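Participant: What follows is a predicted protein model with its sequence.
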Amino acid sequence: MNQNLYALFAMHFQPAAIAFELEDGTRLSYAELESETARYANLLRALGLAPGERVVAQVEKSLSAVLLYLGCLRTGCVFVPLNTAYQAREISYFIGDAKPRLVVGRTEGAEALGKLALEAGVAHVLELDANGAGSLASAAAAQSTHFATVPSAKDDLAAIVYTSGTTGRSKGAMLSHGNLASNAEVLHAYWAFQPGDVLLHALPIYHVHGLMVALHTALFNASRIVFLRKFDAADVLRRLPDATVFMGVPTMYVRLLGEAGLDRATCAGMRLFVSGSAPLLNETFDSFRERTGHTILERYGMSETNMNSSNPCAGERRGGTVGFPLPGTALRIANDRDEALAAGEIGEIQVRGPNVMSGYWGMPEKNTEAFAADGYFRTGDLGRIDAEGYVSIVGRAKDLVISGGLNVYPKEVELLLDALPGVEESAVFGVPHADFGEAVTAAIVPRPGAQLDEAGVLAQVKGELAAFKLPKRVYIIDELPRNAMGKVQKNLLRERYGKPG
Ligand code: MCA
Ligand code: AMP
């Protein structure tokens, strides 16, 4: 059987059913999804792209962006999504690393992206949907609506998803057709998708959560996908009565709770609310249940592994936990010798299964660090499993801040701050934030005699990294707290500056 992920989706398509419904009421049936993605696939082939070649896309969330993704799958090309917030220095790194044959951008910043891509020797650079002729979407419109999806093996690459690295260098998680298909099938069953389910989709599609977890489960179900360009709490609330499933990051639930109209009546037709990408506070879990009568189902995953564990659909969904290991995924709590610990003990969460990536793109040395000798992937998350088997995440071994569901590796921001004139050294850490969960915060020590202030520092780093990575606050201090080994004590900084904001 063809293991191409698109071919597996297509086995479930119901031609007359609606696949996508956009904000302006435009609808696309599953039959049209098949013919439109064929156009994109034909265009990719006409551009000379062969299976295994990379397509980097930094595009706004749109139907064309989904068609491009599915078109890539159909041709066997490897899709490399980039967050729209990424700035020139981040983008040039990704292009240099992924070595794509095609880069697809948006109209905003098209010139700069085109220049970066051409300098890197990329064969084709196209705008996705620029007005008028010349865009990828308009070129696709001229292509045939028939395309035989290429045969793929389970191990063939389908996507590379970049995650920041602890050393400041991003790593590309290599996800195969088999990784994605196995996870989608498992989640589809575990979350009890059923005929008639309608997904309200408000997540960005440049990360695993929105692009894969949400879209794949719905496509496997031939569901209608109400596709919103971005998350807006009031808009989501208005559309809930027309949906049955919603997936979001905790910030989205916090913002929904801020809407006076969120109540049992608005959510009466909903079947499932899923949360992930960052810890869901018990307060949010409890308030949501009180207001809506729905118990949010929290699950846990990573770009490298897709989803690892989930609270049950039918059984008890326990707040503060990420549920049970998913069927087919082995999960252990390990000590620093990669040995499994007993129930209740805290250690690193390690996972193994068909959902786990084969490794990092072009970084064999990182794979040695990332995997234990027996093949378990080291997540860098600290957790425990209770006597009933529920997994809880209790912390992180990796130095990471998760802000509004987006990962920020302090090292990357520190490298930028340290390079500013007048900066002796810096430390970046997360403090509690009512909306984003954690807020990126920096403490900076000036060089002797240098005059630094918060506004000046922020003005200098604007545009150098994606805005969500930049500190929300910068504190200028005399020295960083260090332990006897000379290591910066970020816990002390968090305590000092961590007033909930
Ligand atoms: C936006 N801003 C942020 C964030 N988002 N600052 C910190 N953290 C953020 N997450 C800043 C912008 O830079 C801007 O700042 C200002 O807020 C307004 O930007 P806007 O785009 O209007 O923000 P928003 O629409 O309110 O976005 C908030 C959001 C969004 C909806 C929570 O961040 C979001 O969609 N997050 C989800 C990301 C996601 O899908 N994560 C999954 C990855 P300024 O005004 O200064 O320019 S993890 C994953 O995939 C794994 C596998 C998993 O487990 O799911
Ligand atoms: P990413 O690399 O962007 O895919 O982010 C993956 C990281 O997000 C994981 O390693 C966890 O630290 C975090 N994460 C995902 N889901 C949850 C969750 N439900 N609770 C706490 N942290 C989570």
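Facilitator: Cool, got the structure. Computed from a prediction, not measured in an experiment: that's the story for all the values here. Residues are numbered from 1 along each chain as shown. Ligands and ions are numbered 1, 2, ... in the order given.

Participant: For the closest residue to ligand 2 within the stretch 201-350 of the chain, which residues are in contact?
Facilitator: Relative to ligand 2, the nearest point of the stretch 201-350 of the chain is Ser303 (3.5 Å; Cβ to the nearest ligand atom). All C-beta atoms are positioned from the backbone trio N, CA, C, and that covers glycine. Counting by Cβ atoms under 8 Å, 6 or more residues apart in numbering, Ser303 makes contact with Val161, Tyr162, Thr163, Ala173, His207, Val208.

Participant: Tell me the pLDDT of it.
Facilitator: With respect to pLDDT, Ser303 scores 97.

Participant: Ala88 now?
Facilitator: 91.

Participant: does it really touch Ala117, like I thought?
Facilitator: No: applying Cβ atoms under 8 Å, one finds Ala88 not in contact with Ala117, separated by 11.3 Å.

Participant: quick revisit: now intersect the contacts of Ser303 with the strands, please.
Facilitator: Val161, Tyr162, Thr163, Ala173 (DSSP state E).

Participant: Next one: the nearest residue to the third one once chain neighbours are set aside from Phe13, what distance?
Facilitator: In other words, Thr163. Sequence neighbours aside, Ser303 is the residue nearest to Thr163 in space, at 4.6 Å (criterion: Cβ to Cβ, 6 or more residues apart in numbering). Between Ser303 and Phe13 the computed distance is 27 Å (Cβ to Cβ, to the nearest Å).

Participant: Check Met363 too.
Facilitator: If you go by Cβ to Cβ, the gap between Met363 and Phe13 works out to 37 Å.

Participant: circling back: of Ala88 and Ala117, give the one with the bigger neighbour count.
Facilitator: Shown here are Ala88 and Ala117; by other Cβ atoms under 10 Å, Ala117 has more neighbours (23 against 14).

Participant: returning to what we had before: please report phi then psi for the residue nearest to Thr163.
Facilitator: Main-chain torsions, Ser303, degrees, to the nearest 10: phi -60, psi -40.

Participant: Return the set of buried residues in stretch 446-454.
Facilitator: In terms of neighbour count (16 or more other Cβ atoms under 10 Å), stretch 446-454 has its buried residues at Pro446, Leu452.

Participant: in the stretch 401-501 of the chain, what residue is nearest ligand 1?
Facilitator: For the stretch 401-501 of the chain, Cβ to the nearest ligand atom, closest residue to ligand 1: Gly404, 2.3 Å.

Participant: My read is that that residue contacts Phe436, right?
Facilitator: Yes: using Cβ under 8 Å, Gly404 is in contact with Phe436, at 4.2 Å.

Participant: Overlap in contacts, these two.
Facilitator: In contact with both Gly404 and Phe436: Thr251, using Cβ under 8 Å, 6+ apart.

Participant: Near ligand 1, which residues of the stretch 101-250 of the chain are found?
Facilitator: Residues of the stretch 101-250 of the chain lying close to ligand 1 by Cβ under 6 Å from any ligand atom are Leu203, Pro204, His207, Val208, His209, Gly210, Lys230, Phe231, Val249.

Participant: swap the cut-off to 8 Å and go again
Facilitator: 161, 202-204, 206-210, 212-213, 230-232, 248-249 (Cβ under 8 Å from any ligand atom).

Participant: Check the spatially closest residue to Thr292 that is not a sequence neighbour and give its pLDDT.
Facilitator: Nearest non-adjacent residue to Thr292, counting by Cβ to Cβ, 6+ apart: Cys267, 4.2 Å away. We have a pLDDT of 98 for Cys267.

Participant: and Cys267, how many neighbours?
Facilitator: 21.

Participant: what's the answer for Phe13, then?
Facilitator: If we define neighbours as other Cβ under 10 Å, then Phe13 has 17 of them.

Participant: same deal with Ala139?
Facilitator: 17.

Participant: Pull the residues that contact the helix or strand hosting it.
Facilitator: Taking DSSP states H and E as the criterion, Ala139 maps to helix 136-141. For helix 136-141, the external contacting residues (Cβ under 8 Å, 6+ apart) are 36, 39-40, 42-43, 64, 67-68, 71, 104, 126-129, 132.

Participant: Name only those of these that count as buried.
Facilitator: Here, 16+ other Cβ under 10 Å leaves 36, 39-40, 42-43, 64, 67-68, 71, 104, 126-129 buried among the contacts of helix 136-141.

Participant: Strands - which of those land there?
Facilitator: Going by DSSP E, the strands hold Val104, Leu126, Glu127 from the buried ones among the contacts of helix 136-141.

Participant: Pick out whichever of the residues you listed sits closest to ligand 1.
Facilitator: For these, the nearest to ligand 1 is Val104 (19.6 Å; Cβ to the nearest ligand atom).

Participant: The closest one reaches Val55, doesn't it?
Facilitator: Yes: between Val104 and Val55 there is a contact under Cβ under 8 Å: 6.6 Å.

Participant: partner residues bridging Arg27?
Facilitator: Beta-bridge pairing for Arg27 (DSSP bridges): Glu21.

Participant: Sorry, wrong one. I was asking about Val198.
Facilitator: Assigned bridge partners for Val198, using DSSP bridges, are Arg224.

Participant: That one and Gly344, how far apart?
Facilitator: The gap separating Val198 from Gly344 is 40 Å, by Cβ to Cβ.

Participant: If you count surrounding residues, which of these two has more?
Facilitator: The neighbour count for Val198 versus Gly344, taken as other Cβ under 10 Å, is higher for Val198 (22 against 10).

Participant: need the contact list for the more buried one.
Facilitator: Ser223, Arg224, Ile225, Val226, Asp242, Ala243, Thr244, Val245.

Participant: Quick one: neighbours of Ser358, just the number.
Facilitator: Around Ser358 there are 16 residues (other Cβ under 10 Å).

Participant: now swap in Ala123 and tell me
Facilitator: Neighbour tally, Ala123, other Cβ under 10 Å: 14.

Participant: What's the local residue count around the nearest residue to it once chain neighbours are set aside?
Facilitator: Nearest residue to Ala123, sequence neighbours excluded (Cβ to Cβ, 6+ apart): Arg101, at 5.0 Å. Look at Arg101: counted by other Cβ under 10 Å, it has 20 neighbours.

Participant: right, and Arg101 touches Leu49 too?
Facilitator: Yes: using Cβ under 8 Å, Arg101 is in contact with Leu49, at 5.5 Å.

Participant: Find residues that contact each of these two.
Facilitator: The contact lists of Arg101 and Leu49 share Val55, where a contact means Cβ under 8 Å, 6+ apart.

Participant: What residues does this structure have near ligand 2?
Facilitator: Counting by Cβ under 8 Å from any ligand atom, the residues of the chain near ligand 2 are 161, 163-164, 173, 207-209, 275-280, 298-304, 322, 379-381, 393, 396, 398, 400, 402, 405-407.

Participant: redo that, cut-off 5 Å
Facilitator: Thr163, Gly276, Ser277, Pro279, Tyr300, Met302, Ser303, Val322, Asp381, Ile393, Asn407 (Cβ under 5 Å from any ligand atom).
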